[in-house]
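Trainee: Please find the sequence and the predicted model below.
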Amino acid sequence: MSANRILELVESAEETYRDMSLASVKAWKEKTGGLAIGFMPIYVPRELLHAQGVLPVGIMGGGDDLEIIRGDAYYQSYICHIPRSTIELGLGGQLDCLDGMLFPAICDVIRNLSGMWKFEFPEKLSRYLDVPQDFTPEMGGEFYKSELLALIADLEKRGARPYDKEALRASIRLFNELGGIVRDLYALRRASPWKVPTAELYCLQRAATIWPVEEAITILREYHELVLADETRTPMDQARVVLAGSFCEQPPLGLIKTLERSGCYIVDDDFIQVHRWITRSLDVEGDPLEALVNGFLFDAMASPTRYCGDKTKGTELVTRVETAGAEGVLFCAPSFCDPALLDQPMAVASIEKAGIPWTAFRYSENNGQFQVIREQAGTFADSIKLWSGV
Amino acid sequence: MTKEQHDSLLVAGIDVGSASVQVVVMRDNGPAGAEVLAHSSERLRRREPADVAQTTFNSCLEAAGLVATDLQYIATTGEGECVPFRTGHFYGMTAHARGGIFLAPDAKAILDVGALHARAVMMDEKAKVLGYRMTSQCASGSGQFLENISRYLGVTMDEVGPLSLEADNPEVCSAICAVLAETDVINMVSREISTANIIRGIHDSMAGRFAKLLRSLKVEGMALVTGGLSADVGLVAALEDACCSKKGNISVTTHELSAHAGAIGAAIWGAFRFRKLAGKGLQLGVGAS
């Protein structure tokens, strides 16, 4: 019974995120009359949008369901896939129900995409969300606050509710709750990875960037309770790995399933970071805007898209491996992803120094063949199981 | 379990191939060695691999006089990720290398010839894979190709090997492309070449490719033929000739359980993992139904 319900939840999540017509967003808009704003991967302060009555909608490319016809004309062949599929979605009308798009500071390609969006969709809100790379309150903090105030003003101009501190506090509470449930699921997966297959967690997290936060909380909480109670999920002999590098362009679901089937338990990953970007609950007592700023400055995840001091790149990955009790690292980055691939040598140097086995491969969001990766991940898992510590 | 019980483990290996499923049940005594208690094999014949794996596993257990809960580890290999009751899965090369060392302790390499491809795997004495080479995507180096040819010639797969040994003037055929080879065979039939000489020609062409795989790995010493075609005496004879005919020091051998090498290797690795995990205080349940 619970296994069926878990399957239902996961299938519904997959259906939601694969639906490129965004039917659930259209239904929400029809019901509430509110604005819906798309956002690209990594992080945007969804609390702010929610507080102004706006539905934040995660747009993470077209995945393996979309044929690129016009998108390729906008980008050279040595550019990653997500901007092509995103612009394809825009030009194809699938994102028409969105009232705007936010482009977080990920890399030059996404900055470039935000510029194209302005040209192609001048009637929509299109904003590149610049974030500080200086983490002092007086400099980076002031800058980020000014960015957030500009975003508030932009949303108000588009018809969103005026900014209200109490509303923002309430929204922060909700997103704190969602973040807490996601962190709990990650903790459960670290402890008992057979209870929380990554493919399931991925679908739920991905859909939770589209569902209204209240609905996402209910669904993810139910899933958490069901898998905890499900005695049919028993452990297998698999290698525990951290999967690093998939923070922007997302891998096809088939790739995640392939990695799990090939003998790996993924016990930590970089998928859908928006739920976990701020690593703890934000303060709800003081100025809520300050809470968002401070969260970004002091409690954000380490990421190739954020500045780290000299000689600290890669050490965070070693800590993650140790915290997760992992036995190896799979560097699984999108082809041509500058932030991931430029950081990879530093990460490799750190984990090699710590004696952690690793292997690396690349993907594109529309990959459909995984045989080579399957062999690579499978033999890597074998090498960990049979030869590590021997 | 006590330490004494860890000294003797009951394990199963399930090798799900593209044409058949092989299962072994073994007693593994650690450094004192291992023994095969029972083995079973079943062709897939368009059935669900997971279903065939379950029935073959059940019959093998019955032959060994055991029930699933007697086992400490159920290991799969090949396409065995589809077996839901497995304890763990090992990759084909890893499993065949270990099975090869079990069946022929002096082997330096195995040549796994299956329905869809062939691969040469070089390993050390601990069965650690040192390198491998596979046939390319063309089917002309596969068991499926040989099965197609035997069907055209109206002989069963069991007759192929002995017939090949009767050849007196083998006819050369394409070793590059299965389509060209099949065309060659049609021409040979119309030219009234004997079935034995046609089959030996096919065997020679396949053996030539396999010998190249072994030589490119710089294998020195014994290579054990494993996989479904290891029982084809004609192919093994052709392979012996191909390995002797050129520079190099490769001898070819086979074993009556060669077809089960993957399952055997997986089972032995399963026992190894069981002890390794037990050493860390971990124990996995066996979920076989």
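Mentor: Thanks, I have the structure now.
Trainee: use CA for all of it now, contacts and neighbours both
Mentor: OK.
Trainee: Regarding chain A, what is its longest helix?
Mentor: Ordering each helix of chain A by length in residues (DSSP state H) puts helix A:165-191 first.
Trainee: buried ones in it?
Mentor: Residues A:167-183, A:185-190 are the ones in helix A:165-191 that count as buried (16 or more other Cα atoms under 10 Å in any protein chain shown).
Trainee: got the contact list for the residue of chain B at minimum distance from chain A?
Mentor: Of all residues in chain B, residue B:88 sits closest to chain A, at 4.6 Å by Cα to the nearest Cα. Shown in contact with residue B:88 (Cα atoms under 8 Å, 6 or more residues apart in numbering or on different chains): A:236-238, A:263, B:73-76, B:270.
Trainee: Give me the pLDDT value at the closest residue to it other than its chain neighbours.
Mentor: Spatial nearest neighbour of residue B:88, chain neighbours left out: residue A:237 (4.6 Å); criterion: Cα to Cα, 6 or more residues apart in numbering or on different chains. On pLDDT, residue A:237 comes in at 95.
Trainee: looking at it, residue A:237 is touching residue B:284, isn't it?
Mentor: Yes - the criterion here is Cα atoms under 8 Å, and residue A:237 meets it with residue B:284 at 7.2 Å.
Trainee: neighbours around residue A:93, how many?
Mentor: 12 (other Cα atoms under 10 Å in any protein chain shown).
Trainee: care to break chain B down by domain?
Mentor: B:3-98+B:260-279, B:105-254 (automatic domain parsing).
Trainee: Let me see the ranges of the helices in chain A.
Mentor: Under DSSP H, chain A gives helices at A:2-18, A:23-32, A:46-51, A:82-91, A:108-120, A:142-157, A:165-191, A:198-207, A:213-229, A:253-261, A:288-298, A:315-324, A:338-353, A:371-387.
Trainee: now the ones you listed as CSV including mean pLDDT?
Mentor: As requested, the helices of chain A are exported to CSV (pLDDT from 0 to 100):
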stretch, mean pLDDT
helix A:2-18, 95
helix A:23-32, 97
helix A:46-51, 98
helix A:82-91, 96
helix A:108-120, 96
helix A:142-157, 97
helix A:165-191, 98
helix A:198-207, 98
helix A:213-229, 98
helix A:253-261, 95
helix A:288-298, 97
helix A:315-324, 95
helix A:338-353, 94
helix A:371-387, 92
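Trainee: how about those in TSV, adding distance to chain B?
Mentor: Listed next are these as TSV, based on distance: least, Cα to the nearest Cα, whole Å:
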stretch	distance to chain B
helix A:2-18	15
helix A:23-32	34
helix A:46-51	40
helix A:82-91	31
helix A:108-120	37
helix A:142-157	49
helix A:165-191	13
helix A:198-207	16
helix A:213-229	18
helix A:253-261	6
helix A:288-298	38
helix A:315-324	17
helix A:338-353	21
helix A:371-387	6
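Trainee: closest to residue A:361 out of these?
Mentor: Between residue A:361 and the helices of chain A, the tightest spacing by Cα to Cα is seen for helix A:371-387, at 7.2 Å.
Trainee: taking the domains of chain B together, which one is wrapped up most tightly?
Mentor: Highest mean neighbour count of the domains of chain B: domain B:3-98+B:260-279, a mean of 22 (counted as mean count of other Cα atoms under 10 Å in any protein chain shown).
Trainee: and it, average pLDDT?
Mentor: So the average pLDDT for domain B:3-98+B:260-279 ends up being 93.
Trainee: For stretch B:131-150, what is the distance to the chain centroid?
Mentor: 13 Å (Cα atoms, centre = their mean, to the nearest Å).
Trainee: who's in contact with it?
Mentor: Outside stretch B:131-150, the residues that reach it (Cα under 8 Å, 6+ apart) are B:113-123, B:156-157, B:160, B:175-178, B:181-182, B:185, B:202, B:206, B:209-210, B:213-214, B:216-217, B:228-229.
Trainee: Could I have the CA atoms of that stretch written out in PDB?
Mentor: Taking only C-alpha atoms (Å, rounded to 0.1, in the frame of the first residue of the first chain), the coordinates of stretch B:131-150 have been written out as PDB:
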ATOM      1  CA  GLY B 131      43.200  -4.400 -19.200                       C
ATOM      2  CA  TYR B 132      40.500  -5.400 -21.700                       C
ATOM      3  CA  ARG B 133      39.600  -5.300 -25.400                       C
ATOM      4  CA  MET B 134      36.200  -5.800 -26.900                       C
ATOM      5  CA  THR B 135      35.000  -6.600 -30.400                       C
ATOM      6  CA  SER B 136      33.600  -3.700 -32.100                       C
ATOM      7  CA  GLN B 137      29.900  -3.100 -32.600                       C
ATOM      8  CA  CYS B 138      29.700  -5.500 -35.600                       C
ATOM      9  CA  ALA B 139      28.000  -8.800 -34.700                       C
ATOM     10  CA  SER B 140      30.500 -10.900 -36.700                       C
ATOM     11  CA  GLY B 141      32.300 -11.800 -33.400                       C
ATOM     12  CA  SER B 142      29.300 -12.900 -31.500                       C
ATOM     13  CA  GLY B 143      27.400 -16.000 -30.600                       C
ATOM     14  CA  GLN B 144      24.300 -14.600 -32.200                       C
ATOM     15  CA  PHE B 145      26.000 -14.400 -35.500                       C
ATOM     16  CA  LEU B 146      27.100 -18.100 -35.300                       C
ATOM     17  CA  GLU B 147      23.600 -19.000 -34.300                       C
ATOM     18  CA  ASN B 148      22.200 -17.300 -37.300                       C
ATOM     19  CA  ILE B 149      24.600 -19.000 -39.600                       C
ATOM     20  CA  SER B 150      23.800 -22.400 -38.100                       C
END
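Trainee: Perfect, I'm done here.
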